[in-house]
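Enquirer: I'll drop the sequence and a predicted model, then ask my questions.
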Amino acid sequence: MANSPKSQALSQEARAILNSKFSRRALVAGAGALGGAALLTSCGSGDDAASGSGSVRWGNWPLYLDYDDESQLYPTLEAFMESTGITAEYFEDYNDNDEFFGKVQAQLKIKEDIGYDIVTPTDWMAARWIRLGYTQQFDKSNIPNAGNLLETLASPSYDPNREYTMTWQGIMGGFGWNAEKVPNGIRTLDELFAPANKGKIIVLTEMRDTIGVILLSQGVDLQTVTEDQFMNAVDFMEGKIKDGWIRGVKGNEYAEDLTAGDAVAVIGWSGDMFILKDEYDGKFDFAIPESGGTISGDNLVIPYTASAEAKVNAEKLINWYYDPAIAAEVAAYVNYVTPVKGAQAEMEKIDPDLAASEFIFPSEKTLANLSVFRSLTPAEESTWTEAFQKAAGN
């Protein structure tokens, strides 16, 4: 496969995400001297939780909040409850954007409670929520720390005044692998599809990451990708599935395939791989492809079905996580891009070694090797998603 020359500058949003700096390491939760009261948590469905006075329900992705294995609690969320008196219920209910949206869309259409007061869609899906009128406008008086949002993230195309979204973390898509089974690592698509990996490869259900990585390897600029180029990449993926190279197209559960030994290589997300690397003593690793990786952001959004009181509580929760010290605590665990000004200085107090990591403070070379998938029209989103899902076997 041909490598993609970086002939165009990164979009404002891509550079903004990367310039925000990030880190992720599975530190023993509580490194920032956070503690607190008991926490109501669940990995089940948010639909089972009743919305009530003094509570907030948050639907998020797995491996996406600081977690203490010993107590099985989330220290920064405990500290939030102790500080505010608000009961927080946390649900690791995101597997991929389309799946989650499909679960709540029917209730959204009829304005029924969806079981969450905060959700965490990726940029393109957040744009859909806003376009369909499914979000509530923030009362920024409840989010004074919103001023800590990096200036370069302040005006994304889908929410130019940040009235409906606040960035949670930024995401890098690339290659992950089992370092014991693939000791030389993976940095090209040809290396991903090496004979030894046949039948043990997983790719993401997130279309823009999986097809984005394939397109970049084919020399295609993600900001100008055409339908013909996109469909060619989909055909490539479909061929690899039919020929038995790809064992599955999965959301966040791809980590389970890796840890179980059913997969040895993935198109996956940086943060997930770094957590696995730490938890399994270096058994797993991640790299941005030589031809380029993807970059996007997840966003904190309040559904328009949340009650007035729950909305205020949700805004207070957002404000909490925009405190630089709290943001650093989370970033040290999740190892994704943090959007909060001042978090870098706080990170130095947690672990100075993180400042030396290329994945924490990317160089210009790294910045130039990550791309945002261009915005799609509603018609393109429908047609392209249908083609991808069909190729994936859905």
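Expert: Now that the structure is in, tell me what you want to look at. Numbers count the residues shown, from 1 in each chain.
Enquirer: count of neighbours near the residue nearest to D139 when sequence neighbours are not counted?
Expert: In space, and not counting its chain neighbours, D139 is closest to E315: 6.1 Å by Cβ to Cβ, 6 or more residues apart in numbering. All C-beta spots, glycine's among them, are computed from the backbone N, C-alpha and C. As a burial measure, E315 scores 24 neighbours (other Cβ atoms under 10 Å).
Enquirer: would you map the strands across this protein?
Expert: Using DSSP state E, the strands found in the chain span residues 22-23, 40-42, 55-60, 87-92, 166-178, 201-204, 246-250, 265-269, 284-287, 293-300, 336-337, 370-371.
Enquirer: just put those strands in CSV and tack on distance to A387.
Expert: Output for the strands of the chain, formatted as CSV (distance: least, Cβ to Cβ, whole Å):
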stretch, distance to A387
strand 22-23, 32
strand 40-42, 36
strand 55-60, 28
strand 87-92, 30
strand 166-178, 19
strand 201-204, 15
strand 246-250, 13
strand 265-269, 18
strand 284-287, 28
strand 293-300, 18
strand 336-337, 29
strand 370-371, 21
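Enquirer: so what pLDDT did G244 get?
Expert: Model confidence at G244, expressed as pLDDT, equals 98.
Enquirer: count of neighbours near it?
Expert: 10.
Enquirer: and the gap between it and K181?
Expert: 18 Å (Cβ to Cβ, to the nearest Å).
Enquirer: that older thread, so which of the strands of the chain is nearest V213?
Expert: strand 265-269 (5.3 Å; Cβ to Cβ).
Enquirer: and for that closest one, what's in contact with it?
Expert: Contact with strand 265-269 is made by 171-178, 182, 186, 192, 197, 200-204, 209-210, 213, 254-255, 257-258, 286, as judged by Cβ atoms under 8 Å, 6 or more residues apart in numbering.
Enquirer: CA-only coordinates of that strand in PDB, if you can.
Expert: Output of strand 265-269 as PDB, limited to C-alpha atoms (Å, rounded to 0.1, in the frame of the first residue of the first chain):
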ATOM      1  CA  ALA A 265      -3.900  -7.300  16.000                       C
ATOM      2  CA  VAL A 266      -6.500  -4.600  15.700                       C
ATOM      3  CA  ILE A 267      -7.400  -1.200  14.200                       C
ATOM      4  CA  GLY A 268      -8.100   0.300  17.600                       C
ATOM      5  CA  TRP A 269      -7.800   3.300  19.900                       C
END
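Enquirer: and the angle for that strand with strand 246-250?
Expert: 20 degrees (axes from the mean of the first three to the mean of the last three Cα atoms, to 10 degrees).
Enquirer: partner strands of strand 265-269, with direction?
Expert: Using DSSP bridges, strand 265-269 pairs in its sheet with strand 166-178 (antiparallel), strand 201-204 (parallel).
Enquirer: least reliable of those strands by average pLDDT, please.
Expert: strand 166-178 (a mean of 93).
Enquirer: centre of the chain to that strand, how far?
Expert: Distance of strand 166-178 from its chain centroid, counting by Cα atoms, centre = their mean, to the nearest Å, is 6 Å.
Enquirer: buried residues, that strand. List them.
Expert: 166-178 (16 or more other Cβ atoms under 10 Å).
Enquirer: how about stretch 145-156?
Expert: Result for stretch 145-156 [16+ other Cβ under 10 Å]: buried residues 145-146, 148-150, 152-154, 156.
Enquirer: ok, now stretch 272-279?
Expert: Quick answer for stretch 272-279 (16+ other Cβ under 10 Å): 272-278.
Enquirer: follow-up on the earlier one: can I get the strands paired with strand 265-269 in JSON lines with distance to K390?
Expert: Formatted as JSON lines, those follow (distance: least, Cβ to Cβ, whole Å):
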{"stretch": "strand 166-178", "distance to K390": "22"}
{"stretch": "strand 201-204", "distance to K390": "15"}
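Enquirer: pLDDT-wise, what's the bottom of the buried residues of stretch 145-156?
Expert: T152 (72).
Enquirer: roughly how far apart are that residue and I241?
Expert: 38 Å.
Enquirer: check Q229 too.
Expert: For Q229, the distance to I241 - Cβ to Cβ - is 19 Å.
Enquirer: okay, now the unreliable bits of the stretch 151-300 of the chain?
Expert: Within the stretch 151-300 of the chain, no range satisfies pLDDT under 70.
Enquirer: which residues in it form helices?
Expert: For the stretch 151-300 of the chain, the helices defined by DSSP state H, counting those that start in this stretch cover 189-192, 207-217, 227-242, 254-260, 270-279.
Enquirer: pull the distance from the longest one to the chain's centre.
Expert: It refers to helix 227-242. 24 Å.
Enquirer: closest one of the buried residues of stretch 272-279 to A127?
Expert: Closest to A127, out of all of these and judged by Cβ to Cβ, is D272, at 23.6 Å.
Enquirer: what residues does the spatially closest residue to T205 that is not a sequence neighbour make contact with?
Expert: Of all residues beyond its chain neighbours, the one nearest T205 is D96 (4.2 Å), with distances taken as Cβ to Cβ, 6+ apart. By Cβ under 8 Å, 6+ apart, the contact set of D96 is 204-206, 251-252.
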